[in-house]
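Asker: what's the 3D shape of this:
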Amino acid sequence: MNDKPKDVIRETDAEAIGLAKRLVRTARFGALAALEAETGVPLASRVGVATDSDGTPTILISGLSAHTKAIQSDPRCSLLLGEPGKGDPLAHPRITLFCRAVHLERGTTEHARVEWRYLSRNPKARLYAGLGDFSLFRLEVQRASLNGGFGKTYLLARQDLILSGQVVDDLAAAEQRAVDHMNVDHLDAIANYARHFARADGLGWIMTGIDADGFDIMAGDETRRVFFPSPLKDVAEMRQILVAMAKQARGEA
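Answerer: Just a heads-up that it's a prediction; the model follows:
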């Protein structure tokens, strides 16, 4: 009789990485776990979430909250993302990211970029984003654990989730102008992207971010992720791929 325990960890493949990226890129909130500054006891709190251009999660939190004091004292933390749907909540995908929190200084280019992306995803946060006690943090991913549902567990490395290379910086510099252009002049194309690629119903879809892997859209409180057929190699590819996808979504391709 073989009493060797069964390995529940599956081999990480492209499908698992795609699911993990979708969970991270579409999240608008999550559970942040840190160590309480005074006691070292684990502390879990709900936080609003967005992502930086490279896929790194970002949070905007008040200096008066216990979780801010916790990550300032010890930057080690984890972030649980993934919303349950109908039925058993444990049957729905979720991901735990193991991170180190990095505070972003106001007035820097990095802070401005992250703030724009955060507020694009969480527009109601504009009510308090400018208050002096609120700060932005990047949660630098070290590794991750993905649970795709019962019996579907994967371990992911940082490079499975976080983009790198010159194209990331170049797209970040061009992103705001490109997103504003799409939302002003091409809402019809965004609606077609939502319907065809994201299988999303309803109206009012806008683009909230674009990166080398794909782009994010939102309508009200609903968010979707649309992946490019293949990652962009440079900024020049962005327009031609968006045009080709628009034609495909209209049934012209």
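
Asker: which residues in the stretch 1-150 of the chain form strands?
Answerer: 9-10, 29-35, 42-48, 50-51, 57-62, 76-81, 94-103, 134-147 (DSSP state E, counting those that start in this stretch).

Asker: nearest to Ala178, out of those strands?
Answerer: Distance to Ala178, taken as CB to CB, is lowest for strand 50-51 among these, at 16.5 Å. All C-beta atoms are positioned from the backbone trio N, CA, C, and that covers glycine.

Asker: where among the strands of the stretch 1-150 of the chain is the average confidence lowest?
Answerer: When these are compared by mean pLDDT, strand 9-10 comes last with a mean of 90.

Asker: so what touches that one?
Answerer: 16, 152-155 (CB atoms under 8 Å, 6 or more residues apart in numbering).

Asker: and stretch 58-65, by the same measure?
Answerer: By CB under 8 Å, 6+ apart, stretch 58-65 touches 32, 45, 47-52, 67-69, 114, 117-118, 122, 125, 128-129, 131, 133-139.

Asker: check stretch 34-45 too.
Answerer: 31-33, 65-67, 69-74, 76-77, 101.

Asker: check stretch 133-144 too.
Answerer: 20, 52, 55-64, 68, 71, 77, 79, 95-104, 111, 114-115, 118, 128, 155-158, 160-162.

Asker: which among those residues end up buried?
Answerer: 20, 52, 55-61, 68, 71, 77, 79, 95-99, 101, 104, 111, 114-115, 118, 156, 158, 160-162 (16 or more other CB atoms under 10 Å).

Asker: first-to-last residue distance for stretch 150-165?
Answerer: Taking CA to CA, to the nearest Å as the measure, stretch 150-165 stretches 35 Å from start to finish.

Asker: quick one: it to chain centroid distance?
Answerer: 13 Å (CA atoms, centre = their mean, to the nearest Å).

Asker: going forward can the numbers begin at 293, since that is how I track them
Answerer: Sure, I'll start counting at 293 from here, so that last one is stretch 442-457.

Asker: could I get the average pLDDT for it?
Answerer: pLDDT averaged over stretch 442-457 gives 94.

Asker: what sits up against that stretch?
Answerer: Contacts of stretch 442-457 (CB under 8 Å, 6+ apart): 300-304, 308-309, 312-313, 316, 345-348, 382-383, 385, 389, 433-440, 503-505, 523.

Asker: lovely, talk soon.
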